[in-house]
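>>> structure for the following, please:
(chains A, B, C and D)
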2 protein chains.
Amino acid sequence: MAKSNVTFQDIAQYTGFSKTTISRYFNHPDTVTPQNQAIIREALEKLGYQSNKVARILAKGQTEFIGLIIPNLYLSFYAEILDEFLKSYEKYGYKFLVFSGGQGEEAERQYIQELLAYHVEGLIVLSHTIPSLELASYDLPLVTIEREDQYVSSINTDNYQGGVEATELLHRCGCDVYLHINIPVLGKKTPAFRRIDGFRDVCRKYDLPHEFLSYKGESSYQDLAEKLHVITDDIARKYPGKRKGIFCSNDTIANIVSNHLLRNHSRDLEDYRLIGFDGSPVSEQAVYPISTIAQQIDQLVDGAMELIVDQIRIRKKDPSALLEPVHRTVAPVLISRATTEEV
Amino acid sequence: MAKSNVTFQDIAQYTGFSKTTISRYFNHPDTVTPQNQAIIREALEKLGYQSNKVARILAKGQTEFIGLIIPNLYLSFYAEILDEFLKSYEKYGYKFLVFSGGQGEEAERQYIQELLAYHVEGLIVLSHTIPSLELASYDLPLVTIEREDQYVSSINTDNYQGGVEATELLHRCGCDVYLHINIPVLGKKTPAFRRIDGFRDVCRKYDLPHEFLSYKGESSYQDLAEKLHVITDDIARKYPGKRKGIFCSNDTIANIVSNHLLRNHSRDLEDYRLIGFDGSPVSEQAVYPISTIAQQIDQLVDGAMELIVDQIRIRKKDPSALLEPVHRTVAPVLISRATTEEV
DNA sequence: TTGTAAGCGTTATCAA
DNA sequence: TTGATAACGCTTACAA
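Model (predicted):
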C-alpha cells in the first residue's frame, strides 16, 4: 500500500502543516508543539516515511562521509584499523567510503576524484602511493596513518621507541649478536623506517655486534618464506654457538623465522631470541607465542578521528582556513612472550 | 583563485551555453558538437570544475551505493570478503557503504535505516543477527553470504560437500576414529551447519566410529585455546594408540589443536590427522601447514555481485517487481598439506 | 510556533 | 544541436 517514496511534501499534505514544520520536527523538535509533534509522528508512521539523506546533504552541504584509502585488507593491521574506524560510527556518526588501493597510482587518483565528487568531509590515507605533497594539494581535511606525512597531518606509532624497546629486550636476554630483518621496500620517510634507527642506536649504545638483513621483493607468502629460510640458515651458519637476538620488522616475518627454527634448528632453540612488530594475531597464535611490539590500533584510529574532526570543524567555520600539518604519535606496547626468555 | 564550488551554472555562464548543454556534455557527449565540446572542456579545466555526485544522485535517483553489513574484520574470512568487494569497484562501479556489526540487533537495524536513507541500490549481508524474513521485508535488492537465507537470495560455499571431502580425506589417511570439533553457536539454518551433515554422512557410509565435540562460548583467543586444549587432551586420553582424524570447523581451531599437539603430544604426532575449514592464512602459516577446505572468496563475491546487479536491473525496469530468492553455491577446494599425510 | 519561498547542483522533458 | 523549465527532497532565512 505504502507509496514508494513518501516525502515531507506528503507528510505536510496529510497533516495540514508545511514542509518546513516537518523539517523542523526532525531538526529542531523543540520548536514544534508537543501535540503537533504527535500528529506528525503518527503521520510518519502511517505513511511509512523513509528519510532521504541525499536531499539533506544537497541542501546542507554536509555529507557525514569520510573517505578512506587503504592498501589492502589481507594484512591484519589494515583490517583491524578499518574495523576500528567502522566502529567509530557510534561515536562520531561519520560513514566511511572505503577504497582498497594496490591498483596503482592512477587508480588511486581516480578514487580520490570519486571521493571528492561525493563531497567527503575529509580523507584518511593509509596507502603509500601518493606523496603527501600531492595529498596536501587537494586542500581538504586529511590525516595519514603510518606513511610518509611531511606535508599533511598524521598519526603514527612511535616506531623509534618500538625499535628501542625491542632491542633493549633482546639485550636483557643476553644475546651475543643482534640481527634485524627488514622489509626491503621501506622508504626512508616511512615512519616504520625509524624502527631501524631505534635498533641501531641501542646496538651502538651498548656497543653490540649487529647486522641488518633484507631480501629482494617477494611475490607470495611461499616466496617470502623461502627467502627468509635462506636468511635464517645463513644466520645459523654464521654465528654458531652464539646467542642470536633477532628483531623482525613485522610479526609475519617473525613467525616464518620461528617456524623455520622449530623445524630445522630445533636443537639450538636455546640460542635464539626473537621479537616481531605490530602485535598481529599471528604472533599470539604461533606454537610458541612470539614477543612483539604492538601497535595500539584503537588509539591510532581515535587519534586520527580527533585530528580530522578538528580539521573539519575549522573548515566549517572558515572554509579558506589553512590546515597546518599536525603530527601525533602513539606509544607502542611491548608484549613479552615465550621467544624472549630472559636469563 | 579557483572558486570553491564551480557548478554547471558557472560553466554555462563562462561558455555562453546553458546548464543543460553542460550536463549533456557529460551524459550524452555525442549530442554536443565537437567544437563546443572543446570549448566546454577548456572552461571546465580553466574554472577547475569538480563534479558533484550528490546532486546527480538526487536528480537521477541512483546512488551507485551498495550497503554491506559484516560481523567484524578481525576474522580473515570477512576481511578478505570485503577486500574482494572493494576491488569489484573496477568492474561494476559500485561503492560500498560498510557497517561492521557485532553491536547487537538494534544497532544493526539502525545501520539498515541509515543505508536506506542513503538510498543504497542494494544490500549485502554477512552478519547473522537479523533473520532473513525481516531482511526480505525491506523489499530491496539483497544478497546474503554464508548465513541463514531462507527468504532472501544468497550465495554460499557448498558446505556439505566440504564436510564430505574433509572426512573422505581423513578416511584415506586410514584413521581409526573420527572427531569433529565444532563452534557451539551455529544455528541449524546456517549454511556452515551442513559441514556437520557431510561429516556424519561419510562416517555412516563407511561405518566409522565418530564423535562430535564442542565447547561453551569463548570470550577471547586465550579462552578459546584453553577450552580446545582440554578437548584435545581428552581425545588423547580416550583413544590411545589409535589413529585419530580430527575435522575442525575452522582453521583457527585447527591451528590451536595443532599447536597443542606439537607442544604436548609430540611423541604421538603420527597418530593424528587434522583438517580445518576456510583456507585462511593461519592454515598456511602454521609450523606444519594445515590441510583445509578452502572457501573460494573471489567466487563468492563475484556471485554476490552478479546476483545483486541482476536484482537491481530488474527493479530498475519495474520498481514493483517481486524479487524471487535465488540460492547459489560455490564449490569448496580441498587443500591437502602436511597434517593429512596418507599412508 | 508556523509558513513562504528561495536555494542546493544536477537531470529530464519538451519545445525551439 | 541547443535551451527553458520543472523536477529531485530537503534546509534555512525571513516573514507572519
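>>> residue A:67: which element?
Residue A:67 belongs to strand A:65-70 when assigned by DSSP states H and E.
>>> same question, residue A:13
Counting by DSSP H and E, residue A:13 is part of helix A:8-15.
>>> ok, that helix near DNA strand D or not?
Yes: against DNA strand D, helix A:8-15 shows contacts by C-beta under 7 Å from any atom of the strand at A:8, A:9. (C-beta placed from N, C-alpha, C; glycine too.)
>>> coming back round to it: give the next helix or strand downstream of the strand holding residue A:67.
According to DSSP H and E, the helix or strand after strand A:65-70 is helix A:76-87.
>>> so which bits of chain A are right by DNA strand C?
A:16-21, A:24, A:30-33, A:36, A:55, A:58-59, A:61.
>>> for chain A, which segments are assigned as helices?
Assigned by DSSP state H, the helices in chain A fall at A:8-15, A:19-27, A:34-47, A:53-60, A:76-87, A:89-92, A:105-117, A:132-137, A:159-172, A:194-205, A:221-238, A:251-264, A:281-285, A:297-317.
>>> got a list of contacts for stretch A:94-103?
The contact list for stretch A:94-103, computed with C-beta atoms under 8 Å, 6 or more residues apart in numbering or on different chains, reads A:64-73, A:82, A:85-86, A:88-89, A:107-108, A:111, A:114-115, A:118, A:120-121, A:127, A:129, A:305, B:83, B:86-87, B:89-90, B:95-98, B:114, B:118.
>>> list the contacts of residue A:88.
Applying C-beta under 8 Å, 6+ apart, we find residue A:88 in contact with A:94, A:301, A:302, A:305.
>>> what's the farthest-apart pair in those?
A:94 and A:302 (13.1 Å; C-beta to C-beta).
>>> neighbour-wise, which of the two wins?
Between residue A:94 and residue A:302, counting by other C-beta atoms under 10 Å in any protein chain shown, residue A:94 is the more crowded of the two (21 against 16).
>>> local confidence estimate at the more buried one?
For residue A:94, the pLDDT comes out at 95.
>>> contacting residues around the nearest residue to residue A:93 once chain neighbours are set aside?
Counting by C-beta to C-beta, 6 or more residues apart in numbering or on different chains, the nearest residue to residue A:93 once its immediate chain neighbours are dropped is residue A:64, at 6.0 Å. Contact analysis of residue A:64 by C-beta under 8 Å, 6+ apart lists A:53, A:57, A:93, A:94, A:95, A:121.
>>> the first one and chain B, how far apart?
The spacing between residue A:53 and chain B, counted by C-beta to the nearest C-beta, to the nearest Å, is 4 Å.
>>> wait, that residue touches residue B:115, no?
No: if you go by C-beta atoms under 8 Å, residue A:53 and residue B:115 don't touch, sitting 9.8 Å apart.
>>> more neighbours: which of those two?
residue B:115 (24 against 18).
>>> in space, what's closest to that one - neighbours in sequence excluded?
Using C-beta to C-beta, 6+ apart, the closest residue to residue B:115 is residue B:67 (3.6 Å).
>>> for the one you found, the count of nearby residues, please.
Look at residue B:67: counted by other C-beta under 10 Å, it has 24 neighbours.
>>> specify the beta-bridge partners of it.
For residue B:67, the beta-bridge partners are residue B:97, residue B:123 (DSSP bridges).
>>> for it, what are its contacts?
Counting by C-beta under 8 Å, 6+ apart, residue B:67 has contacts B:96, B:97, B:99, B:111, B:112, B:115, B:118, B:120, B:122, B:123, B:124.
>>> got it, and residue A:332?
The contact partners of residue A:332, by C-beta under 8 Å, 6+ apart, come to A:157, A:158, A:159, A:161, A:162, A:165, A:293, A:294, A:295, A:296.
>>> repeat the analysis, applying 6 Å as the threshold.
Residues in contact with residue A:332 (C-beta atoms under 6 Å, 6 or more residues apart in numbering or on different chains) are A:157, A:158, A:161, A:162, A:293.
>>> ok, now residue A:53?
B:117, B:118.
>>> can you list contacts of stretch A:269-287?
With C-beta under 6 Å, 6+ apart as the test, stretch A:269-287 has contacts from A:76-77, A:166, A:170, A:173, A:175, A:243-252, A:254-255, A:258, A:261, A:290-295, A:339-340, B:255, B:259, B:262, B:287.
>>> which parts of it are buried?
Judged by neighbour count using 16 or more other C-beta atoms under 10 Å in any protein chain shown, the buried positions of stretch A:269-287 are A:271-287.
>>> neighbours around the closest residue to residue A:293 other than its chain neighbours, how many?
In space, and not counting its chain neighbours, residue A:293 is closest to residue A:162: 4.2 Å by C-beta to C-beta, 6+ apart. Residue A:162: 26 surrounding residues under other C-beta under 10 Å.
>>> in the stretch 201-343 of chain A, which residue sits closest to DNA strand D?
Relative to DNA strand D, the nearest point of the stretch 201-343 of chain A is residue A:316 (11.3 Å; C-beta to the nearest atom of the strand).
>>> burial check on that residue, number of neighbours?
13.
>>> what does the stretch 201-343 of chain A put close to chain B?
Applying C-beta under 6 Å from any C-beta of the partner chain, we find that the stretch 201-343 of chain A lies next to chain B at A:255, A:259, A:262, A:285, A:287.
>>> any chance of these in a markdown table with distance to DNA strand D and pLDDT as columns?
Shown next, in a markdown table, are those (distance: C-beta to the nearest atom of the strand, whole Å; pLDDT from 0 to 100):
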| residue | distance to DNA strand D | pLDDT |
| --- | --- | --- |
| A:255 | 51 | 97 |
| A:259 | 57 | 96 |
| A:262 | 61 | 95 |
| A:285 | 48 | 95 |
| A:287 | 57 | 94 |
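>>> return the member of those residues nearest to residue A:40.
Distances from residue A:40 to those, taken by C-beta to C-beta, are shortest for residue A:285, at 54.6 Å.
>>> ok, the residue nearest in space to the middle of chain A - contacts?
Against the mean C-alpha coordinate of chain A, by C-alpha atoms, centre = their mean, the closest residue is residue A:81 at 4.1 Å. Neighbouring residues of residue A:81 by C-beta under 6 Å, 6+ apart: residue A:297.
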